[in-house]
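Asker: Please work out how this folds:
(2 chains)
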There are 2 protein chains.
Amino acid sequence: MKTKTIAFDADDTLWINETIFTSTRAKFKAMIAKYVSDEFLDDKLYQTEKRNLCIFGYGIKGFTLSMIETALEITKEQISGRDIHQIMAFAKDMLVHPVELMAEVENTLKALKENYRLMVITKGDLFDQETKIARSGLADYFDLIEIVSEKDERTYRHILHKHNISAENFIMIGNSVKSDILPVCALGGKAIHVPFHETWTHEIVPEEQAAAYFYDTITSLAELPDLIKNTWS
Amino acid sequence: MKTKTIAFDADDTLWINETIFTSTRAKFKAMIAKYVSDEFLDDKLYQTEKRNLCIFGYGIKGFTLSMIETALEITKEQISGRDIHQIMAFAKDMLVHPVELMAEVENTLKALKENYRLMVITKGDLFDQETKIARSGLADYFDLIEIVSEKDERTYRHILHKHNISAENFIMIGNSVKSDILPVCALGGKAIHVPFHETWTHEIVPEEQAAAYFYDTITSLAELPDLIKNTWS
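Answerer: Numbers count the residues shown, from 1 in each chain, chains lettered A, B, ... in the order given. You can find the predicted model right below:
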């Protein structure tokens, strides 16, 4: 009987994600540079995304609509149809981008699966996350998959309650201090941070906020089985 | 102990939805008419939507991206930035459109809740469906809410299995023969059709396909408590 559940974030924890956004933002900036030079373009795009989050939610489709909106605003609606078409092509490239697994993901999951119930908790577009899980080839390692629209204390409380998991038997692994670590610590669960070298502005939290909680940090998922064995068995 | 579960589709069953799409399509057509006269525009938009379903999934954000793509194609990329901006405004109007409940929804749910476990099974954008359920004021009537990316036999089998519901104890109510009725009948469950006066082309099934199964049809949710009482108690 497996009494403990280990849950993994997906984007930038199991597979690379932010890099795809970063490279799309670079292509977007290069395109807009034909119309206006704007050193604050990154920030303007982020402000549009942030403003639209409350109606679009997370994910590539909302990001694409925010790119189009930002392009229209920055160019005072002078952007060409051809360039809007190009932004649509960026979106489609992102949506069908091959799922590139992080190093040691499969070995780690294989090692942990023997003794723990494994779970994915990921936020974003339902359809996009489902196809990524399918394309990753990792689906069979997981007993439970939860795709949610936000990862805050309320969401984690709901998931733990739904699956009858107590906080002390739950451990969350992820790259985002804001979404994967702090809300789980706040509920009395355990969390392990695996930083990814790129972090979306929206997921960054002030250091003092993170310092209020204790959690382990590892540099690769390969360290996970030993860390869990040593601290939780 | 409630042994039977009654599940409701949401869009065009609990609240009006297709009407919002229909009126947006009309505004979109009027806009495109400034560039080209195209009597097949509706069909072209649908063909774009259908082609994109496999990467966008269902929902308003994907529909909006398909409107933009269709506009670019039809106008040979000559559509103005101002009009693309207008399409973005259509999208935002749709996303914040007030949730207009169907007649008798609350009385029906109230009457059924006493003796049955109630559920929502809806497909579309996770974030959009969640906010609609919240804004509908109906969330508290439901014991279970499932937002899925597709409503086919596989999905229903998965949901029934997950919640330990046997097909003979399950009844599905909805406006779409394709998504709400046939897959449930095929699994041995019961389904009741409540047609809505508008149906998206994608949800239409040939009559002979529907004729292979037996299911009841009612004209309003108000008929539901009596029908269920008479056939299922």
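Asker: Within range of chain B, give me the residues from chain A.
Answerer: A:55-59, A:61-62, A:64-65, A:68-69, A:72, A:75-82, A:84-85, A:88, A:91-92, A:95-96, A:125-128, A:130, A:147-149 (Cβ under 8 Å from any Cβ of the partner chain). For glycine as for every other residue, the C-beta is placed from the backbone atoms N, C-alpha and C.
Asker: so where's chain A shaky on pLDDT?
Answerer: For chain A, the stretches with pLDDT under 70 are A:233.
Asker: And the strands in it, which stretches?
Answerer: A:5-8, A:117-123, A:144-148, A:170-174, A:190-193, A:216-217 (DSSP state E).
Asker: Turn the ones you listed into a markdown table, including mean neighbour count and distance to A:T108.
Answerer: A markdown table is the format used below for those (neighbours: other Cβ atoms under 10 Å in any protein chain shown; distance: least, Cβ to Cβ, whole Å):
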| stretch | mean neighbour count | distance to A:T108 |
| --- | --- | --- |
| strand A:5-8 | 25 | 9 |
| strand A:117-123 | 23 | 10 |
| strand A:144-148 | 19 | 17 |
| strand A:170-174 | 26 | 9 |
| strand A:190-193 | 22 | 12 |
| strand A:216-217 | 14 | 15 |
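Asker: Give me the domain ranges for chain A.
Answerer: A:5-16+A:100-231, A:18-95 (automatic domain parsing).
Asker: Any chance of the strands of chain A in JSON lines with distance to A:E49 as columns?
Answerer: Shown next, in JSON lines, are the strands of chain A (distance: least, Cβ to Cβ, whole Å):
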{"stretch": "strand A:5-8", "distance to A:E49": "25"}
{"stretch": "strand A:117-123", "distance to A:E49": "14"}
{"stretch": "strand A:144-148", "distance to A:E49": "19"}
{"stretch": "strand A:170-174", "distance to A:E49": "21"}
{"stretch": "strand A:190-193", "distance to A:E49": "24"}
{"stretch": "strand A:216-217", "distance to A:E49": "27"}
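Asker: who's sitting farthest from the centroid in chain A?
Answerer: Relative to the centre of chain A, and counting by Cα atoms, centre = their mean, the farthest-placed residue is A:Q78 at 33.5 Å.
Asker: Tell me how far that residue lies from A:V36.
Answerer: To A:V36, A:Q78 is 9 Å away according to Cβ to Cβ, to the nearest Å.
Asker: what does A:I60 give?
Answerer: Computed as Cβ to Cβ, the A:I60 to A:V36 distance reads 25 Å.
Asker: Excluding residues flanking it in the chain, which one is nearest A:K92?
Answerer: Nearest non-adjacent residue to A:K92, counting by Cβ to Cβ, 6 or more residues apart in numbering or on different chains: B:I55, 6.3 Å away.
Asker: my read: A:N115 touches A:T5, true?
Answerer: No: using Cβ atoms under 8 Å, A:N115 makes no contact with A:T5, being 11.3 Å away.
Asker: Which residues are in contact with the spatially most central residue of chain A?
Answerer: With distances taken as Cα atoms, centre = their mean, A:D11 lies nearest the centre of chain A, 3.8 Å away. A:D11 sits next to A:N17, A:E18, A:T122, A:G124, A:N175 when contact means Cβ atoms under 8 Å, 6 or more residues apart in numbering or on different chains.
Asker: can you map out the helices along chain A?
Answerer: A:18-32, A:41-56, A:60-74, A:81-95, A:105-113, A:126-136, A:153-162, A:182-186, A:207-211, A:224-231 (DSSP state H).
Asker: now those as a markdown table including distance to B:E208 and mean neighbour count?
Answerer: Output for those, formatted as a markdown table (distance: least, Cβ to Cβ, whole Å; neighbours: other Cβ atoms under 10 Å in any protein chain shown):
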| stretch | distance to B:E208 | mean neighbour count |
| --- | --- | --- |
| helix A:18-32 | 45 | 16 |
| helix A:41-56 | 40 | 17 |
| helix A:60-74 | 36 | 23 |
| helix A:81-95 | 35 | 18 |
| helix A:105-113 | 47 | 18 |
| helix A:126-136 | 30 | 20 |
| helix A:153-162 | 41 | 15 |
| helix A:182-186 | 52 | 21 |
| helix A:207-211 | 61 | 10 |
| helix A:224-231 | 55 | 15 |
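Asker: so can I have CSV of those helices showing distance to B:C185?
Answerer: Shown next, in CSV, are the helices of chain A (distance: least, Cβ to Cβ, whole Å):
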stretch, distance to B:C185
helix A:18-32, 41
helix A:41-56, 36
helix A:60-74, 33
helix A:81-95, 33
helix A:105-113, 37
helix A:126-136, 25
helix A:153-162, 29
helix A:182-186, 42
helix A:207-211, 53
helix A:224-231, 46
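Asker: quick one: A:T231 from A:H202, how far?
Answerer: From A:T231 across to A:H202, the span is 30 Å (Cβ to Cβ).
Asker: what does A:K123 give?
Answerer: Distance, A:K123 to A:H202, using Cβ to Cβ: 11 Å.
Asker: can you tell me which residues contact A:T48?
Answerer: A:S66, A:E69, A:T70, A:E73.
Asker: and if you look at A:Y35?
Answerer: With Cβ under 8 Å, 6+ apart, A:Y35 has these contacts: A:I74, A:T75, A:Q78, A:I79.
Asker: follow-up on the earlier one: identify the bridge partners of the residue nearest to the centre of chain A.
Answerer: A:W15 (DSSP bridges).
Asker: From A:L126, how far off is it?
Answerer: Distance from A:D11 to A:L126, by Cβ to Cβ: 14 Å.
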